[in-house]
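J.: Provided below are the primary sequence and the corresponding predicted coordinates.
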Amino acid sequence: MVAEAVRLASSLAVKEITLFSDEVDRIARIVSGYTLWGGTIVLLACVSGFLLLMALVKGLGALIGSEAVAAVIGAAPFAAAATVLTLWGLRKMDLRR
């Protein structure tokens with residue numbers, strides 16, 4: 001009777017481990033699918049933003065007659081943001097504060 005109980009318990013344990021493994025594989029497949037879609041969406045958003053910026057610079061260049069000046073105007077907000085973030089980062093890294 002004890003041997004039968006041990007055999008049934010081990011059989012149940014094997015079934016539980018198999019079920020757990022299948023569930024983990026299914027969850028990993030779902031998470032990797034959502035991650036792939038999320039990465040694709042972020043990539044497409046970055047590319048479309050870049051293309052929109054390029055179109056705005058080209059249009060501004062056509063309006064003012066100089067594409068170089070339009071590129072400087074288009075890059076100015078990014079240069080200002082980089083400068084502000086650099087100064088903020090340097091201030092945060094200052095050990096004397």
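T.: All right, it came through fine.
J.: helices and strands around whichever helix or strand Val72 is part of, which ones?
T.: Assigned by DSSP states H and E, Val72 falls within helix 67-93. Contacts defined by 3 or more Cβ pairs under 8 Å, 6 or more residues apart in numbering; DSSP states H and E place helix 67-93 against helix 2-64. To be clear about C-beta, it is placed using only N, CA and C from the backbone, and glycine gets the same treatment.
J.: Report the distance from the helix it packs on to the chain centre.
T.: 11 Å (Cα atoms, centre = their mean, to the nearest Å).
J.: for that helix, packing partners?
T.: Helix 2-64 packs on helix 67-93, going by 3+ Cβ pairs under 8 Å, 6+ apart.
J.: For the chain, give me the ranges with low pLDDT.
T.: For the chain, the stretches flagged by pLDDT under 70 are 95-97.
J.: Give me the angle between the helix holding Val72 and helix 2-64.
T.: 130 degrees (axes from the mean of the first three to the mean of the last three Cα atoms, to 10 degrees).
J.: Okay, buried residues for helix 67-93 please.
T.: Using 16 or more other Cβ atoms under 10 Å as the test for burial, helix 67-93 gives Ala70, Gly74.
J.: mind checking how far the residue nearest the centre of the chain is from Val72?
T.: For the chain, the residue nearest the mean C-alpha position is Gly39 (5.6 Å; Cα atoms, centre = their mean). Taking Cβ to Cβ, to the nearest Å as the measure, Gly39 falls 33 Å from Val72.
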